[in-house]
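A.B. asks: Prediction below, plus the sequence it came from.
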Amino acid sequence: MLAQVVRQALLLIVCACAATHAENDVPDEVKDFCFISGAAMYNYNKKVYIYGGCPPLTKADNQLRTIDVSKSFRVGADVETYVKRTPLPDTMPRDTYSTMWPIAKDTLASFFGFHEVSHNGFDRKDPAITTVQPLDAKLTLDTTKNSWTIGRVKSTINFQLLDAGKDKAGALLKIGSKMSTWVPSLRRGYYLGGVTYKDAPDIVWDAPRGFTNHRGMIVYDADSDSLSNQTMPYPQGSDGQLLHLTTKDDEILINFGGNSQPYGASVQTRSMRQFFIYSTKQSKWFSYTSPETSAVPNPHANFCATIVSAPDNSSHQIIIYAGGTPPDMATVDSVWVLSIPSFDWVKLPGNATDSTRLAGRRWDPTCLKVGKKYMMSWGGRHFVDGKTDAICDIGGNNVFLLDMSTGMWVDMFNPDDDYEVPQSVVNVVGGTTKGGATKLQPDGGFGDPDLAKLMTFNIGPGAGQTSDESGSGSSNSDKSSTANKSSTGAIVGGVVGGIAGLAIIGAIVFFLLRKKRNNIVATDIELNRAGYQQASVEASPYAVKHSEVSPDQEPKPREYYQVPPPAELHPENVRPGELQGEGIVNELPGDHPVMR
């Protein structure tokens, strides 16, 4: 039974992508649409971008979808009226479990993910189309010009996974994980756990791909355009969630849910009492487990989540929806909220006044925060009874809207509606729907003074993290995603710059009056990054170069690094020149006001 569940889960993970690539006909975007799961989403400049995911069409999906969330609309209306689609260039891969991060002004980038070429790639056998992009590929979208560029990350000096190289057939290592998030103030993206596999143009989804566990966390730094490795807090994990919060003194990541078994073993879904908190300032993982007496959801995997804060920042609500639960990983339609910092779970109604607006039982939908109080759910595989009888979202009708203040699915989106803490949450954490939570730690405390200190927030009127900019595996920050790092150095630099400007004006006046000059000198502030513990990738033919560990052996952890990366990278560690498939720029045609 469990073996069957594992096989079914794998089929769901790869999104039924073993569809017939040999057919020459292009699928009809209306008639052949059924579902798309595992897509990447990001809400940037009040527009939601939806990329990738895998549909059960006869070929891969070929659209970038966008939704304007600067104005009101009905999600129950014909999707042609509010969802636009733009054809992707043939050279762009179609990725599942990839990211979408705002790495620069007017620029979104996608990294990692399970790979599929465009639906006509196999038929044309064009190397420019069928090329599998390497693990350090960077697919960037210029949101003003509507054009894509396929390039490579500049520096991988601390990115150990590239040691895997190619196998004899030329297959490249790829990685897929649902657990990712972006931290705007640091301008860093984090990609946790998941699985690795080998991919080549002639490998179809139902062929062996050498799947194995990824045991670590990948960090992308937009300022240095670099990839590096960090640790993960458990031997292996996938299909949970990773979210970001700004605390009083730190930027933290919160991880929970998902599966914990080694790849290919019987399903082991992690308890929803168990949480892992990562301090980006300390590069250190903490853990917390809620009391056995507290109410929690059943274990979940392949669910979606987003986060919203009380107006005064006294509490923060992580909303989760859908996914599968043991023992048979049947899909659910329940909606739960985890209130931070008390770590209390509260079940929300999850119903709707209009039954057509119910999102239903779904596997791998993608969710993010839009406006001030709504969670948008997009896609996912829809099941009638949770296990069988998957049904199609006819005509691409797969957009749903949850009012996070009430926990109910609604039809109308209004960007100006303010968020209020659900009354059922207020009953647990205290205060009012406007904030003022009085329960600022879990029952019995954190049991760790360092964690208790980490989980403190700036509280007061206007302190809430109200930005509607977010992504799947979302961050929730009041800082611009394209701003520079709000580190001490950046703050000091801004202050010094302001002083310098005033001083220059004063100097000019002084020069006119006294014929003298003043000089202002700015001071640089150096930031230090602390390492934590060693990270590892499960030893396998596709995980580390020249591995001699047999499949029956438990591999020893592989050390990524023991010292912080140098402040400046040596030129020899910077990727020289352009490689094949790098720097490809594709102009997309104008938006088509149709979404299927």
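C.D. replies: Yes, it's here.
A.B. asks: where exactly do the helices run in the stretch 101-250 of the chain?
C.D. replies: 121-124, 127-130 (DSSP state H, counting those that start in this stretch).
A.B. asks: comparing the ones you listed, which gets the lowest mean pLDDT score?
C.D. replies: Ranked by mean pLDDT, the helices of the stretch 101-250 of the chain end with helix 121-124 at the bottom, a mean of 54.
A.B. asks: I'd like the distance from Arg215 to Leu173, if you could.
C.D. replies: Computed as C-beta to C-beta, to the nearest Å, the Arg215 to Leu173 distance reads 14 Å. Any C-beta I mention is one placed from the backbone N, CA and C, and that applies to glycine too.
A.B. asks: do the same with Thr306
C.D. replies: 30 Å.
A.B. asks: Okay, and the beta partners of Leu173?
C.D. replies: Taking DSSP bridges as the rule, Leu173 bridges to Lys198.
A.B. asks: wouldn't it be in contact with Thr196 here?
C.D. replies: Yes. The pair Leu173 / Thr196 is scored as a contact, 5.8 Å apart, by C-beta atoms under 8 Å.
A.B. asks: For burial, what's the neighbour tally of the nearest residue to Val69 once chain neighbours are set aside?
C.D. replies: Nearest non-adjacent residue to Val69, counting by C-beta to C-beta, 6 or more residues apart in numbering: Val370, 4.6 Å away. Neighbours of Val370 under the rule other C-beta atoms under 10 Å: 22.
A.B. asks: From what I see, Val370 and Lys71 are in contact.
C.D. replies: No. Contact between Val370 and Lys71 fails when scored by C-beta under 8 Å: they sit 11.5 Å apart.
A.B. asks: Next, show the common contact partners of those two.
C.D. replies: Listed as contacting both Val370 and Lys71 by C-beta atoms under 8 Å, 6 or more residues apart in numbering are Pro415.
A.B. asks: and the gap between Val337 and Asn427?
C.D. replies: 12 Å.
A.B. asks: out of the two, which sits in the busier spot?
C.D. replies: More crowded of Val337 and Asn427, by other C-beta under 10 Å: Val337, with 22 against 9.
A.B. asks: Wasn't that one part of a strand?
C.D. replies: Yes. Counting by DSSP: H, G, I helix; E, B strand; the rest coil, Val337 is found in a strand.
A.B. asks: Going forward, count from 30.
C.D. replies: Got it, first residue is 30 now, which makes that one Val366.
A.B. asks: Kindly state the beta-bridge partners for it.
C.D. replies: Here Val366, judged by DSSP bridges, has bridge partners Ile348, Val375.
A.B. asks: That one contacts Gln452, correct?
C.D. replies: No. The criterion here is C-beta under 8 Å, and Val366 misses it with Gln452 at 11.6 Å.
A.B. asks: how about the helices of this structure, start to end?
C.D. replies: In the chain, the helices defined using DSSP state H lie at 31-42, 150-153, 156-159, 452-458, 478-483, 517-543.
A.B. asks: what packs against the fifth one?
C.D. replies: Counting by 3 or more C-beta pairs under 8 Å, 6 or more residues apart in numbering; DSSP states H and E, the packing neighbours recorded for helix 478-483 are strand 303-308, strand 313-318.
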